[in-house]
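**Student:** below are the sequence and a predicted model for it; my questions follow.
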Amino acid sequence: MDEIKGKERPGPLRISAKIRRLTGRAIYRYDMITPGDRIAVGVSGGKDSLLLLHILKFIRTYSPVKYDLQAFSVDMTNGQWNPAPLQTLCDSLQVPLHVIPYAIEHIIDVKREESPCSLCANLRRGILNAAAQKAGCNKLALGHNLDDVVETGLMNLLRNGRFRSFQPKLWHDRAEMWLIRPMIYLSEFQIRNELHRLGVATFQHCCKYGADTERSRTKSLIAELKPRFPDLKQSVLHALEHHAPADHWTATPRLYAGVYESDRPVSDSERQSDL
Ligand SMILES: Nc1ncnc2c1ncn2[C@@H]1O[C@H](COP(=O)(O)OP(=O)(O)OP(=O)(O)O)[C@@H](O)[C@H]1O
């Protein structure tokens, strides 16, 4: 159980103006939602995705753009996680819930994976895409927040030498599905505060790999830097959104052994940079 405690209340909760504004900005700027969308929300029972579900449900009550919502939860323990609290919440919001049991933890254990978070996220995405497509959805909404954006950007920069983070909106060819991330402008702090204010409890099972990962180490690094660079997260976000072509270093293309330097094959580690 997460530390946020509270009680469930029926119906959509009234989301604060600031949270609505920041979510609305992301949705508008990246054209995330259009009339008639059938949106699958990936819900883990954790803080981000629970707030995302509440936000999308609430926005729907007043937005002229009408869309359908369904919740999808991958049970990574393959049946040992209790989905009852999530079911109760979804019933109160009148959002259909699909629980998909899958032995992701077992797969990670067996593979002795070096970067379990990356494998887990990829497996989960595939499972969610397939389930959402089967249920007739055309978009999958995930609860990545501003901290996730910044951590991913810095991890890629420091580990892979490329400054990039995940996209706010992305087309998945194989699943024929849009992936949208409406919470990219919300910090973890704002999300926790909003859940406290709303009195929403979280009920995510704990990941045994969560404590010591590349992401948790990057989080600590950002916390260390924060006193010296109070605007660090906004600066990283700004850099991602305003990368100017004029900032590129444009080398003169040269042939090496018949291959242009710019056409050289991309290595595996570079390819895995979308953590
Ligand atoms: N087991 C799951 N089932 C369905 N969707 C999931 C699951 N785990 C994560 N997601 C989706 O992917 C997003 C990013 O996952 P991540 O592992 O980064 O979780 P997180 O930052 O802890 O988010 P949350 O607080 O929602 O668990 C989540 O916000 C959620 O939308």
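**Tutor:** Sure thing, it's come through. Numbers count the residues shown, from 1 in each chain.

**Student:** identify the residues contacting the closest residue to residue 159 other than its chain neighbours.
**Tutor:** Excluding the flanking residues, the one nearest residue 159 by C-beta to C-beta, 6 or more residues apart in numbering is residue 214, at 7.1 Å. The way it works is simple: take the backbone N, C-alpha and C, and place the C-beta from them, glycine included. Shown in contact with residue 214 (C-beta atoms under 8 Å, 6 or more residues apart in numbering): 115, 117, 155, 159, 275.

**Student:** so how far is whichever helix or strand the third one is part of from its chain's centroid?
**Tutor:** Looking back up the chat, that one is residue 155. Assigned by DSSP states H and E, residue 155 belongs to helix 146-155. Chain-centre distance of helix 146-155: 11 Å, with C-alpha atoms, centre = their mean, to the nearest Å.

**Student:** that helix packs against which elements?
**Tutor:** Helices and strands touching helix 146-155, by 3 or more C-beta pairs under 8 Å, 6 or more residues apart in numbering; DSSP states H and E, are helix 214-225, helix 232-241.

**Student:** run the chain-centre distance for the longest helix seen in the chain.
**Tutor:** Secondary structure of the chain read by DSSP state H shows that its longest helix is helix 116-134. Its chain's C-alpha centre and that of helix 116-134 lie 12 Å apart, by C-alpha atoms, centre = their mean.

**Student:** how about the one helix or strand residue 106 maps to: buried residues?
**Tutor:** If you go by DSSP H and E, residue 106 is part of helix 104-111. Under the neighbour-count criterion of 16 or more other C-beta atoms under 10 Å, helix 104-111 has 104-105, 107-108 buried.

**Student:** can you check stretch 213-228 too?
**Tutor:** So, applying 16+ other C-beta under 10 Å, buried residues of stretch 213-228: 214-215, 218-219, 222.

**Student:** for the residue of the stretch 101-250 of the chain found nearest the ligand, give its distance to residue 252.
**Tutor:** Residue nearest to the ligand within the stretch 101-250 of the chain: residue 143 (2.6 Å; C-beta to the nearest ligand atom). Noted for residue 143: a distance of 44 Å to residue 252, by C-beta to C-beta, to the nearest Å.

**Student:** which one of these two is surrounded by more residues?
**Tutor:** residue 143 (24 against 5; other C-beta atoms under 10 Å).

**Student:** which one is the more buried one nearest to, not counting chain neighbours?
**Tutor:** residue 48 (3.3 Å).

**Student:** doesn't that neighbour lie inside a strand?
**Tutor:** No. Residue 48 is assigned helix when assessed by DSSP: H, G, I helix; E, B strand; the rest coil, not a strand.

**Student:** just the local confidence number for it, please.
**Tutor:** In the prediction, the pLDDT value recorded for residue 48 is 97.

**Student:** give the contact list for it.
**Tutor:** Contact analysis of residue 48 by C-beta under 8 Å, 6+ apart lists 143-145, 183, 188, 191.

**Student:** residue 95 is in contact with residue 54, isn't it?
**Tutor:** No. Judged on C-beta atoms under 8 Å, residue 95 makes no contact with residue 54 at a distance of 10.0 Å.

**Student:** run a quick neighbour tally on residue 28.
**Tutor:** Neighbours around residue 28, by other C-beta under 10 Å: 10.

**Student:** fine by me, thanks again.
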